[in-house]
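**Q** Got a predicted structure plus its sequence, pasted below:
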Amino acid sequence: MLNFYHRMRFFLPSASRQNVSVAFATEKLDVWFAFLQLITAMQVRINKQQFEGGVPAHWSAASALQSHVLNTLSLMFPDGERFFVRSVKYFSDRASDDKMRAEIKAFIGQEMQHGAAHDSFNAAIRPGLADMGWFMYLFTVPTFQGLEPWVHKLDFGMEFGRVGALSVTAAAENMTAGFANMVFEDKELQTAVREDIRDLFMWHAAEEIEHRDLAFDLLKKVNGAYWVRMFGATVAYSIIFAYVVAGTAWFMLNDKNYPWAKLPGDLVKIFTDKFGLGRLFFEGFVDYARPDFHPSDVPAHPQAAQYLEKMAS
Ligand SMILES: [Fe+2]
Ligand SMILES: [Fe+2]
């Protein structure tokens, strides 16, 4: 509907656009457009998949390697996303207008739902995987229970700790929006993966694409300095890379059925395929480092919008 409206505006002859009555009509349309933007703004959707019967370790048809990377990411999502929520919520009073205030609420709701849905998925994959107790301890205790509360207190006259947490969040959101494109491009994930798992990843990916601007725009309002953005990006990308490599390697080394002969080919694929997770990770960082970067520079994947529309119907 909104795209239709945008397209139609450009079809008005330029002479007509200067006509007073048409200009008035256009102005009225602008009011309607603002209203439509408000009522079609981001919303919180619930994914109720329970993954009955459990989920096998190699659930992704693409490769066992991709399965273990996504299993590791899934284990990190709930605590990671709760950190994003805390970081954004702290600055919620800095929203510039009602639209941004509504988007912050929707962002918080969406990330809380993602965390809850991945908690269910993680409970279903755990029996088929090596014990990740040490990993979850290292991922959550020194970071979110130790470092985060301490960093929050650092001020340096600029709320450094809080701004830094928001900057880390904005960069991590860029990463997840990049990974989300893989979900809509990977034909094997779309056709040869169990429906409940596919539904979880497509729902999460579509909403990551939908809210990809929010943390970045909020960071720009709070502190638009380039070094602040790149500080957060360096922290987010290096920490997430280290944890994903450690978790994936642990799963592989403790996987009695791991197809080692396929590993060289799968590694090449994951780092060189246009929508391979490794390539998306590094390309996402390089793109984020452009001084004039904005998340909306990469158009939303058309299938993401279609998926959300399907959910609404
Ligand atoms: Fe999320
Ligand atoms: Fe997100």
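**A** Done, it's in. Ligands and ions are numbered 1, 2, ... in the order given.
**Q** Every contact and neighbour count from this point should use C-alpha atoms.
**A** OK.
**Q** Now do the buried residues in the one helix or strand residue 271 maps to.
**A** Per DSSP states H and E: residue 271 is located in helix 263-272. Buried positions in helix 263-272, judged by neighbour count with 16 or more other Cα atoms under 10 Å: 266-267, 269-271.
**Q** just stretch 306-313 next, same as before
**A** Buried-residue list, stretch 306-313, by 16+ other Cα under 10 Å: 307-308.
**Q** as a whole number, average confidence for it?
**A** Mean pLDDT, stretch 306-313: 86.
**Q** what residues does it touch?
**A** Contacts to stretch 306-313, defined as Cα atoms under 8 Å, 6 or more residues apart in numbering, come from residues 202-203, 206-207.
**Q** Residue 106: which of those residues is nearest?
**A** Looking at the contacts of stretch 306-313 and their distance to residue 106, the nearest is residue 207, at 10.2 Å (Cα to Cα).
**Q** Near the nearest residue to that closest one once chain neighbours are set aside, how many other residues are there?
**A** On the basis of Cα to Cα, 6 or more residues apart in numbering, the spatially nearest residue to residue 207 that is not a chain neighbour turns out to be residue 110, at 7.3 Å. Residue neighbour count, defined by other Cα atoms under 10 Å, stands at 23 for residue 110.
**Q** Centre of the chain to the host helix or strand of residue 110, how far?
**A** Using DSSP H and E, residue 110 falls within helix 98-125. With Cα atoms, centre = their mean, to the nearest Å as the basis, helix 98-125 stands 10 Å off its chain's centre.
**Q** Stretch 79-92 now?
**A** 13 Å.
**Q** Over to stretch 236-245?
**A** 15 Å.
**Q** Please list the outside residues in contact with it.
**A** 69, 72-73, 139, 168-169, 171-172, 285.
**Q** list the buried ones in stretch 224-233?
**A** 228-230, 232-233.
**Q** State the mean pLDDT of it.
**A** Stretch 224-233 comes out at a mean pLDDT of 98.
**Q** before we move on, what about stretch 143-159?
**A** The model assigns stretch 143-159 a mean pLDDT of 96.
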